[in-house]
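coordinates only, sequence not included:
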């Protein structure tokens, strides 16, 4: 079974440009999460999809960030325009709800974004 | 709000040494507690978890006990190996069913030298 895959693994852009990160969750996982780790600090929650619906986007830093999940499958996270402080590693994770019991999150390898 | 405080790194140990990485938390209610590990070039993966007070999670020789009285979940291993070199993250989740929204610590980089 394929794991969570993220693309690109590393992106280097200039301030003001646009970047789109993609995440393919494990097939059948309804829950999809985006997290971000900035400059060696803690990993912070950005948002949570259940299928194609945004369940919780309380962690999105500002309106320069736009996340979508087309048809409840893969998800994209667009940063437009990018700022220096957006640099970091963006992690995607997915999970399957199992009778309301807290389950395991499966993470991708992360997409490293460097804004110059 | 919820928060996790874990031992600052980096930590460097010799092979077969005893490992402790401290983790304390602040949370409302009764969260579940986790240790995730990120090996070089890989994504985060669940190492162990505990869902209620006094539970002990264990995996690959690592252990951590959910201590409600001290709000701690320290990670321990009796004899580390070079292959344990990785970044370790302590985390907690809330009690919303079906929502594994995690709050992470800053991570501790562990290097084991032969």
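Okay, I see it. Quantities reported herein were computed from a predicted structural model and do not represent experimental measurements.

Point out the residues in chain A that sit beside chain B.
Applying C-beta under 8 Å from any C-beta of the partner chain, one finds that chain A approaches chain B through A:3-4, A:31, A:33, A:35, A:37, A:40-45, A:48, A:50, A:55-56, A:91, A:93, A:95, A:97, A:100-110. In short, each C-beta sits where N, CA and C put it, glycine included.

Buried ones among these?
A:3-4, A:31, A:33, A:35, A:37, A:42-45, A:48, A:50, A:55-56, A:91, A:93, A:95, A:97, A:102-103, A:105-110 (16 or more other C-beta atoms under 10 Å in any protein chain shown).

Now, those that are in strands?
Taking DSSP state E, the ones among these that sit in strands are A:31, A:33, A:35, A:37, A:43-45, A:48, A:50, A:55-56, A:91, A:93, A:95, A:106-107.

Spatially, which two of these are the most separated?
Farthest apart among these by C-beta to C-beta are A:37 and A:50. That separation is 23.4 Å.

just to revisit the earlier point, now, which of the ones in strands among the buried ones among the residues of chain A next to chain B sits nearest residue B:6?
Distance ranking of those against residue B:6, using C-beta to C-beta, places residue A:43 first at 11.6 Å.

Just give me the neighbour total for the closest residue to residue B:74 other than its chain neighbours.
Take residue B:74 and drop its neighbours on the chain: the residue closest to it by C-beta to C-beta, 6 or more residues apart in numbering or on different chains is residue B:22, 5.1 Å away. Residue B:22 has 16 neighbours, counted by other C-beta atoms under 10 Å in any protein chain shown.
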